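[1] I would like the atomic coordinates for the input below:
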Amino acid sequence: MPLEELEHLRERYRELIGFVPPRIQARTDLLARLDPETLRMQEALRARLMYPPCFDVKTAQLMLFGMLLMDLSDAARLHAIAARRAGASYEELNAVVGLAFLFRGLPAANRGAEVIQEILRMEEEGRL
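    Down below sits the predicted model:
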């Protein structure tokens, strides 16, 4: 895959999250070299599903934050960052953590609080 096309694919992540997460960097690096068509297909599907016309970006990212928090996934952090970049307040992020707590318990509440605190620190330090 030409470098320009690869950078164009990665630009979507930079716009949404502010950076290209390491796992996404690894996947796009590998597939750009070994199977560019699969990479194109993955990214086209991701773009279609990540931005449904019925939800704004903030709402979609808040939902993804909550879904991933239910699994205690470390990717919850990335979607919390994306939600914040799309205009979500800390109150909204915390409300998602509260919803996750109702059905996933204290581990989700603890992980959610940890994520929000980390984002707050990163913003205060100018890293986001």
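
[2] and the gap between the residue positioned nearest the centre of the chain and residue 69?
    Nearest to the geometric centre of the chain sits residue 79, at 2.9 Å (CA atoms, centre = their mean). For residue 79, the distance to residue 69 equals 9 Å [CB to CB, to the nearest Å]. No exception for glycine: its C-beta is placed from N, CA and C like everyone else's.

[3] would you confirm that residue 66 contacts residue 99?
    Yes: using CB atoms under 8 Å, residue 66 makes contact with residue 99 at a distance of 5.9 Å.

[4] those two - which one has more neighbours?
    Taking other CB atoms under 10 Å, residue 66 and residue 99 do not tie; residue 66 has more neighbours (24 against 16).

[5] which element is that one on?
    helix 57-70 (DSSP states H and E).

[6] packing partners of that helix?
    Packing partners of helix 57-70 (3 or more CB pairs under 8 Å, 6 or more residues apart in numbering; DSSP states H and E): helix 75-85, helix 90-104, helix 106-124.

[7] deepest-packed of these, please.
    Ranked by mean neighbour count, the helices and strands packed on helix 57-70 are led by helix 75-85 with a mean of 23 (mean count of other CB atoms under 10 Å).

[8] thanks again, I'm all set now.
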